[in-house]
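**Q** just the structure for this:
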Amino acid sequence: METRSFLVAVGLPPGDPLGLPTSKKRFTDGAQYRVEIPSTEGPRIDVAWRYE
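**A** Residues are numbered from 1 along each chain as shown. From the prediction side, this is the model:
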């Protein structure tokens, strides 16, 4: 079974809804979206390093 056929069989749309309008919302600097890259140096790492 092809992917699109499977999606339809389980009740999902066969692809992206390309007919949707583009959002006019923006961040204060005019950016349309943000990407967050999580860091491995969170607070737990800092505490663990101090008490080893």
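
**Q** low-confidence ranges, the chain, go.
**A** Across the chain, the ranges flagged by pLDDT under 70 are 39-52.

**Q** can you pull up the most central residue in it?
**A** The residue lying closest to the centre of the chain (Cα atoms, centre = their mean) is residue 35, at 7.9 Å.

**Q** how close does that one sit to residue 18?
**A** Going from residue 35 to residue 18 by Cβ to Cβ, to the nearest Å gives 22 Å. Backbone N, C-alpha and C define where each C-beta goes, glycine included.

**Q** cool, and residue 7?
**A** Using Cβ to Cβ, residue 7 is found at 15 Å from residue 18.

**Q** what do you get for residue 32?
**A** Taking Cβ to Cβ, one finds residue 32 at 17 Å from residue 18.

**Q** of those two, which one has the most company?
**A** More crowded of residue 32 and residue 18, by other Cβ atoms under 10 Å: residue 32, with 10 against 5.

**Q** residue contacts, the more buried one?
**A** Taking Cβ atoms under 8 Å, 6 or more residues apart in numbering, we find residue 32 in contact with 23, 26.

**Q** without its sequence neighbours, what residue ends up closest to residue 27?
**A** In this structure, residue 27 finds its nearest non-sequential neighbour in residue 34, 6.9 Å apart by Cβ to Cβ, 6 or more residues apart in numbering.

**Q** residue 15 too?
**A** Counting by Cβ to Cβ, 6+ apart, the residue nearest residue 15 is residue 4, at 6.4 Å.

**Q** and the host helix or strand of the one you found, what does it pack onto?
**A** Element membership of residue 4 [criterion: DSSP states H and E] is helix 3-9. Applying 3 or more Cβ pairs under 8 Å, 6 or more residues apart in numbering; DSSP states H and E, we find helix 3-9 packed against no helix or strand.
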